Structures are given as C-alpha cells and as structure tokens.
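A.B. asks: show me how the following folds:
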Amino acid sequence: MSNTRDSRIDRRFAALKTEGRAALVTFVTAGDPDFETAKAILLGLPKVGADVIEIGMPFSDPMADGPSIQASSLRALKGGHTMRKTLDLVREFRKTDADTPIVLMGYYNPIYVYPGEKFLDDAVAAGVDGMIVVDIPPEADDELCLPAVERGLNFIRLATPTTDDKRLKTVLKNTSGFLYYVSITGITGAASANPEDVQLQVARLKRATTLPVAVGFGVKTPEQARAIAKSADGVVVGSALVRAIEASLTGDGRATGDTAGSVLSVVESLSAALRAP
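C.D. replies: Next comes the predicted model:
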C-alpha cells in the first residue's frame, strides 16, 4: 500500500528536481522555548529558504536525540507545551503559507495518549503533510502508519547505515513522501556526516526506491550541507538550529530579542549554500 495523493511533499521535491537542487529540510521543536517564539521561527523559515519543515513533537524521553534536542523538548514541556499546541502552531502557519510541507517528527507515546486516531484527524485538519515516528517499526504499520496513509498523510521512514538490502525492502513498503537517511550511527548532533560514505549509501538507496532521499543527523554547517546535497535530494538540519536557539536564551532559558533571528540567520546561510551555482 502506498500514498498516491499528490501531496505538498511530492510537489515540493518535484519542483526542486526541476530546479536542479536539493531541498533544505529544517527541524525545530514545537514550543521551544515558548509558543510565540516558536511561532515566529516557524513563520520565518520559508522566507529564509526552508523548503520542508520538520516540527519536533516534544517528548520527555526522546531516545534517538542528542543533548541539544533533548533539552529543547524539556524546555517546551516545562513551558506547558502540549500536542494540541503543536497542532495549533501548524494551524497558525497555514494561515499564511499554503505551500510549504510540514512534517511532524517524534515518538509514539504522545500520539498514543492523544489518542492516535483523533490525533491523525486533527493533524490533517491542521494542515500537516507527513509524519516521522521513530519508534514504530514497519512490523507495526497497522498501529499508525496505515491509518495515517488512509488519511492522505505521508509516512516517512528512516534508513540507517546498518539497514541492509533485505531490511530496506521492509522499511520502504509503506513509506511515502521521502526516505530519511540517517547518515551516522548514534544520536542526533553526535558526529558529522561523511560525504563520501553518504554518496555511496544514497546511491544504494536510490537503486531500491524512486522516492527522494533526504540525509540528516550529521549536517551542521553550510559547507557540509553543500557537500551532502551533491548526492542527496534533501539535506536535513536540526541540531544546529536548536543550538542556535539555546545559545540565544537567557540564563533561565527564556527567549531574547535575538532568538528567532539567530535561528533564521543560520537557515539563510544553509539555504544560500544549497542554492549557489
């Protein structure tokens, strides 16, 4: 089963392929450091070059994430952020942007307690395009993946350096939108991606699927983004943006007048690297 809807994600990657460049996929955590600042960052991202936006769903035990993204989740939760407020952010975004794809990324527990079927309905109504839920394996597709696809949501899977060809077939079975290649083993922000290794792995993935391949988990600088973009259809940057937020905060973790601007400045430099001839 696959999602055959012409989604915003499909249209965006198709348009960028025509342009001859990779997508800049940006990750920020919903509600970090507070709702209004997160909203200002979200609304500003497309204006500085973000092509696809991943919004992290705050969770108290984000096991695949490094210290920076873990801290961003805890800041959001401490500030009273909830899953309903995450969808409120998407609704606010859709008031002014009907084209930029929004992907929710995170863990199943907050979706399960929402509960799941209601969450999917509310996500579609809010304007969400896709989901990445890192702790639900393909063997449990009946739990969330297939109900999401039935509602027209892209369900995006992760492939890693340890995903062999046999496992890749299972991973790809109900994947749509794009395939997210995790370029390093370990947690987010822990190391830098090796462009040569990425090129070989992306080539292998492309032999198995016609989906765009976006690479993340080890891209921190414009130079790294540009190098990865030579072989990938998309470059995902998250930890570098979350660190920019963290560096701008007051000692007690509150936003300053520089918070949104500091993040958007980083995105602008990454976008320029991908768009340079």
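A.B. asks: CA atoms only: put stretch 94-107 into CSV for me.
C.D. replies: C-alpha atoms of stretch 94-107 as CSV (Å, rounded to 0.1, in the frame of the first residue of the first chain):
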residue,chain,number,x,y,z
ARG,A,94,-1.2,27.6,7.4
LYS,A,95,-2.9,30.9,7.8
THR,A,96,-0.1,32.5,5.8
ASP,A,97,1.6,29.6,4.0
ALA,A,98,-0.4,27.0,2.0
ASP,A,99,2.5,25.5,0.1
THR,A,100,5.5,24.6,2.4
PRO,A,101,5.3,21.0,3.5
ILE,A,102,5.1,20.3,7.3
VAL,A,103,6.2,17.0,8.7
LEU,A,104,5.7,16.1,12.4
MET,A,105,8.6,14.2,13.9
GLY,A,106,8.9,12.4,17.2
TYR,A,107,7.8,9.4,19.2
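A.B. asks: contacts for that stretch next, please.
C.D. replies: 7-9, 12, 27, 43, 45-46, 50-59, 61-63, 86, 90, 93, 123, 126-135, 154, 156, 177 (CB atoms under 8 Å, 6 or more residues apart in numbering). (C-beta placed from N, C-alpha, C; glycine too.)
A.B. asks: mind listing what the spatially most central residue of the chain touches?
C.D. replies: Nearest residue to the geometric centre of the chain (CA atoms, centre = their mean): E54, 3.0 Å. Going by CB under 8 Å, 6+ apart, E54 touches V25, T26, F27, V28, V103, L104, M105, I132, V236, G238.
A.B. asks: about what we covered before: let's see which of the contacts of stretch 94-107 end up in strands.
C.D. replies: F27, V52, I53, E54, I55, G56, G130, M131, I132, V133, N154 (DSSP state E).
A.B. asks: out of these, who's the most crowded?
C.D. replies: V52 (28 neighbours; other CB atoms under 10 Å).
A.B. asks: how much space between it and T96?
C.D. replies: 17 Å (CB to CB, to the nearest Å).
A.B. asks: how about T250?
C.D. replies: Taking CB to CB, one finds T250 at 29 Å from T96.
A.B. asks: ok, I41 next?
C.D. replies: 14 Å.
A.B. asks: E246 touches I69, doesn't it?
C.D. replies: No: at 10.0 Å, E246 and I69 do not qualify as touching, with contact defined as CB atoms under 8 Å.
A.B. asks: who's more crowded, these two?
C.D. replies: Per other CB under 10 Å, whichever of E246 and I69 has more neighbours is I69, with 25 against 18.
A.B. asks: fine by me, thanks again.
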